[in-house]
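Visitor: Here's my sequence, what's the structure:
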Amino acid sequence: MSSLSPPQLRPFRRSPRPSPPLPKDESPCCKDFVVAAAEMESLCVLGADALASGNARTAVNLLRTALDRGDTASAVVVSDCDSDCDDDDDDECFDTSHGIESSAPSAERGTQQQPHAGEYDEGLRSISSFRLPRRSVGGIGGGTPLGAALFTLGEAYLELNETEQASECFGRTLSELRRCGSGGGGGSSSLEGRDFLDDFAVAALHNQGYAAYRLGRLEESLGCYRRALDQARAVAAARSRPEDHDRARIAVAKSMNCVAVLLFHIDHSKHDSECTTLFTECLRIRRSVLGMSSMATNLDSATALNNLGRVHYMLERYPEALNVYLEALAMRRALLGPAHLDVAATVYNTGQTLHRLGRDDDAMELYNTFLAAARPVLGPQHRDVAIMLKCMASVHHERGSHEEALRLYSEALEAARSSLGPYHSEVASTLNKLGNLLYERSRLDDAMRAYGEGLVAERAGLEPDHPNIAVTLTNIAQIHRVRGESASALRLYNEVLALQRSRYGTTDHPDAALTLSSIALIHYQNGRYDDALDQYQESLCAYSNVYGHAVDHVDIAGVLNSIGLVLFKRGLYGVAMESFAECLRMRRSLLGDAHRDVAVVLYNLATIRLESGDEDEAMRTYDEALRVEREALGHDHPDVATTLTHIGQVYQDRGKLHRAVEYFVEALHLELKAFGPNHMAVARTLNHLGNLRLQTSNSSGAMEAFTEALRIYRRNGLGDNRLVIAGMRLYEMAIVHPECAAAA
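Guide: Numbering: from 1, shown residues only. I've put the predicted structure just below:
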């Protein structure tokens with residue numbers, strides 16, 4: 001979801017045509033309905049037919065005419081149109097216990113109403129397919145012709161994206177149903193009539209909840225769906241006939257799905273357990289009632305599976321997410337065809353999950369499938385197209401295909417800005433990822449520009465202490481640190497720490513602990529070891545408070561390694577060795593023996609042993625670090641080259657010069673392969689190799705290495721005095737070996 005959220009319901013892009021207000025109730029007390037039933041029924045049927053045939057505006061006109069017939073003051077006997085789903089109105093909600101049916105059984109078998117074009121189906125309108133019968137018990141609308149007209153009018157307004165008017169209609173429908181409900185003094189007194197009103201009420205609650213959701217009033221929407229769930233559970237318990245009971249249980253499942261969707265959107269991190277329970281129980285009920293064969297052809301079931309997958313994904317339960325996404329995808333493809341937007345949504349979700357599981361080829365195949373299905377429906381400049389392009393760019397980025405990643409990030413940025421404007425969090429996210437790529441390619445000015453634009457967008461659209469702002473400030477600080485601009489980097493890191501303290505109320509949070517470590521690193525690199533040690537110890541304390549003082553954690557191990565380095569610089573070798581040893585124990589326990597981080601701490605242990613004079617143990621530890629690096633990273637990784645040069649230095653210090661040359665030559669081959677012929681790491685290794693050859697009387701080999709090293713130094717804008725020969729800087733190499741001969 002950016003972190004990146006899976007596709008959600010999107011608002012319409014169509015500009016609604018305004019409609020005049022509905023006639024208001026002018027009477028303070030309920031009266032009998034006085035409009036001629038036959039005339040009103042005829043208009044309602046015509047309006048419903050117009051809506052069913054796609055003529056929503058005609059339906060609105062017919063239904064408003066039905067409502068206007070007769071004396072409005074005596075005809076409209078409803079209360080004000082406030083939401084019937086307010087948390088303080090428990091006693092006002094329609095509440096009977098005679099049971100509930102879903103819409104007709106055929107609808108439950110696969111012909112459910114689909115959402116509007118440009119929306120993803122989350123199952124929030126799964127009961128809105130409820131249709132009023134033409135000849136209902138006790139007259140039209142089960143004895144409430146006004147409720148029937150208002151309900152159908154609300155659905156017509158939804159089709160026209162006139163959601164405020166729709167919400168008003170559904171609220172007034174619920175008020176009318178309360179008036180006509182059991183014990184309400186009106187409506188049909190038969191059991192069949194009361195059951196119909198129960199069904200009608202749940203459908204109206206669902207549509208009221210959906211309208212509130214469309215208007216962004218999520219808490220109000222949740223209240224409506226919770227009331228629908230309570231109502232559905234009560235009537236399911238009351239219905240005795242097996243067929244009626246099963247249909248009532250399906251209504252319970254639908255309401256569970258809707259409540260869970262709202263909880264997910266409000267704050268999935270706080271409601272993850274309830275969301276998982278509701279979606280799982282929803283699917284269990286469906287399997288029990290429908291059976292596996294019928295469930296496989298049921299769209300609502302596929303939607304619930306897709307929704308459950310989103311919860312698993314956000315909780316990083318990727319294998320579980322993949323299983324339910326694949327099941328949902330198979331069902332949606334079979335029922336809707338490969339080009340449907342809901343199929344594209346599940347394709348997108350499945351691709352994200354495969355990417356998280358490291359199955360990038362499978363993910364990319366699905367990403368391309370999504371674009372092929374979504375672009376014709378959404379257009380090339382849609383938000384979700386932008387997100388998909390960013391996902392594809394991330395895969396290329398991770399694979400090292402930087403040019404393709406750069407192209408896709410740029411295309412994603414254009415689509416996001418076009419669809420969302422320049423100050424949206426999605427625009428900022430894409431700029432941040434683009435900045436990361438540019439940083440890795442050493443294009444620091446371009447990276448700084450991308451981060452800066454992202455920061456402007458984030459500050460315009462997010463709260464001042466939002467974590468995304470802290471991340472972007474951290475990235476900018478990192479560029480300052482790499483450039484050697486320590487004061488600027490330190491200022492930004494302290495600003496980040498202040499934001500994190502403001503948001504979390506403490507530094508006992510992983511983000512704040514990491515920032516403390518970054519501040520410590522600045523002090524370490526500038527030789528302020530006491531300050532560095534203080535910050536690292538504060539970071540260690542914060543991590544321990546978060547994870548537990550007796551708990552092994554990779555973050556704690558990382559700080560222990562850093563503390564060991566500071567203690568080493570201060571000459572406290574014994575305490576440093578203890579810190580490195582504890583780090584090594586944790587990393588081996590958490591990561592296994594064949595891991596890069598294990599190799600790093602082994603390398604540090606070898607170095608401190610070497611400095612302590614224990615050369616034999618140092619050599620054994622260097623060899624172990626080299627073995628782990630090769631196993632974890634491959635034989636051609638740059639870290640392997642670094643370890644090779646240090647082992648070569650140990651052999652050089654011990655007087656085994658020919659053995660040292662072997663290690664430096666191997667390191668040089670790896671660096672040339674990894675970095676190319678003009679990298680500073682290559683120059684340094686050549687310089688060192690030249691000195692070794694000079695010490696072994698290989699003067700021609702030494703001169704060849706020195707000359708090539710000098711060429712690289714010059715190419716990187718460094719002076720000739722960068723070259724060091726046998727511990728002395730040589731200033732005359734430009735005279736002896738000019739870079740090129742004069743032109744003839």
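
Visitor: list the buried ones in the strand or helix carrying Val235?
Guide: Under the criterion of DSSP states H and E, Val235 resides in helix 218-238. Neighbour-count burial for helix 218-238, counted by 16 or more other C-beta atoms under 10 Å, picks out 218, 220-236, 238. Every residue, glycine included, has its C-beta placed from N, CA and C.

Visitor: Show me what secondary structure element comes after it.
Guide: Immediately after helix 218-238, counting by DSSP H and E, sits helix 242-267.

Visitor: how much does that following helix deviate in direction from helix 218-238?
Guide: Orientation of helix 242-267 against helix 218-238 (axes from the mean of the first three to the mean of the last three C-alpha atoms, to 10 degrees) gives an angle of 160 degrees.

Visitor: mind listing what's buried in helix 242-267?
Guide: 244-265.

Visitor: related to what we said a few turns ago, keeping just the C-alphas, turn the helix holding Val235 into PDB.
Guide: As requested, the backbone C-alpha atoms of helix 218-238 are provided in PDB (Å, rounded to 0.1, in the frame of the first residue of the first chain):
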ATOM      1  CA  LEU A 218     -15.700   6.400   7.900                       C
ATOM      2  CA  GLU A 219     -16.700   6.300  11.600                       C
ATOM      3  CA  GLU A 220     -20.300   7.000  10.600                       C
ATOM      4  CA  SER A 221     -20.100   4.300   7.900                       C
ATOM      5  CA  LEU A 222     -18.700   1.900  10.500                       C
ATOM      6  CA  GLY A 223     -21.600   2.600  12.800                       C
ATOM      7  CA  CYS A 224     -24.100   1.800  10.100                       C
ATOM      8  CA  TYR A 225     -22.400  -1.500   9.200                       C
ATOM      9  CA  ARG A 226     -22.100  -2.500  12.800                       C
ATOM     10  CA  ARG A 227     -25.800  -1.900  13.300                       C
ATOM     11  CA  ALA A 228     -26.500  -3.900  10.200                       C
ATOM     12  CA  LEU A 229     -24.400  -6.800  11.600                       C
ATOM     13  CA  ASP A 230     -26.200  -6.700  14.900                       C
ATOM     14  CA  GLN A 231     -29.500  -6.700  13.200                       C
ATOM     15  CA  ALA A 232     -28.500  -9.600  10.900                       C
ATOM     16  CA  ARG A 233     -27.200 -11.700  13.800                       C
ATOM     17  CA  ALA A 234     -30.400 -11.200  15.700                       C
ATOM     18  CA  VAL A 235     -32.700 -12.200  12.800                       C
ATOM     19  CA  ALA A 236     -30.500 -15.100  11.800                       C
ATOM     20  CA  ALA A 237     -30.900 -16.500  15.400                       C
ATOM     21  CA  ALA A 238     -34.700 -16.000  15.100                       C
END
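
Visitor: Do me a favour and average the pLDDT over that helix.
Guide: Mean per-residue pLDDT for helix 218-238: 91.

Visitor: which strands and helices sit next to that helix?
Guide: helix 191-214, helix 242-267 (3 or more C-beta pairs under 8 Å, 6 or more residues apart in numbering; DSSP states H and E).

Visitor: Mind giving me the packing neighbours of the helix or strand encompassing Asp531?
Guide: Using DSSP H and E, Asp531 falls within helix 529-547. Packing partners of helix 529-547 (3+ C-beta pairs under 8 Å, 6+ apart): helix 510-525, helix 554-569.

Visitor: Mind putting those into a markdown table with distance to Arg609, mean pLDDT and mean neighbour count?
Guide: Below are the helices and strands packed on helix 529-547 laid out as a markdown table (distance: least, C-beta to C-beta, whole Å; pLDDT from 0 to 100; neighbours: other C-beta atoms under 10 Å):
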| stretch | distance to Arg609 | mean pLDDT | mean neighbour count |
| --- | --- | --- | --- |
| helix 510-525 | 21 | 95 | 21 |
| helix 554-569 | 11 | 95 | 22 |
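
Visitor: for these, which one sits closest to Leu389?
Guide: Nearest of the helices and strands packed on helix 529-547 to Leu389, taken as C-beta to C-beta: helix 510-525 at 28.1 Å.

Visitor: Which strands or helices does the closest one pack on?
Guide: By 3+ C-beta pairs under 8 Å, 6+ apart, helix 510-525 packs against helix 467-482, helix 486-504, helix 529-547, helix 554-569.

Visitor: Just want the angle from the second one to helix 510-525.
Guide: This points to helix 486-504. Going by the same axes, to 10 degrees, helix 486-504 makes 160 degrees with helix 510-525.

Visitor: quick revisit: so how far is the helix holding Val235 off the chain centroid?
Guide: Averaging C-alpha positions (C-alpha atoms, centre = their mean, to the nearest Å) puts helix 218-238 29 Å from its chain's average.

Visitor: same question, stretch 640-650
Guide: Per C-alpha atoms, centre = their mean, the centroid offset for stretch 640-650 relative to its chain is 41 Å.

Visitor: Where does the prediction get shaky in the stretch 101-250 of the chain?
Guide: 101-119, 128-144, 181-194 (pLDDT under 70).

Visitor: and the helices and strands packed on helix 510-525 as JSON lines, adding distance to Ser429?
Guide: Below are the helices and strands packed on helix 510-525 laid out as JSON lines (distance: least, C-beta to C-beta, whole Å):
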{"stretch": "helix 467-482", "distance to Ser429": "7"}
{"stretch": "helix 486-504", "distance to Ser429": "18"}
{"stretch": "helix 529-547", "distance to Ser429": "26"}
{"stretch": "helix 554-569", "distance to Ser429": "24"}
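
Visitor: Pick the most buried one from those.
Guide: helix 554-569 (a mean of 22; mean count of other C-beta atoms under 10 Å).
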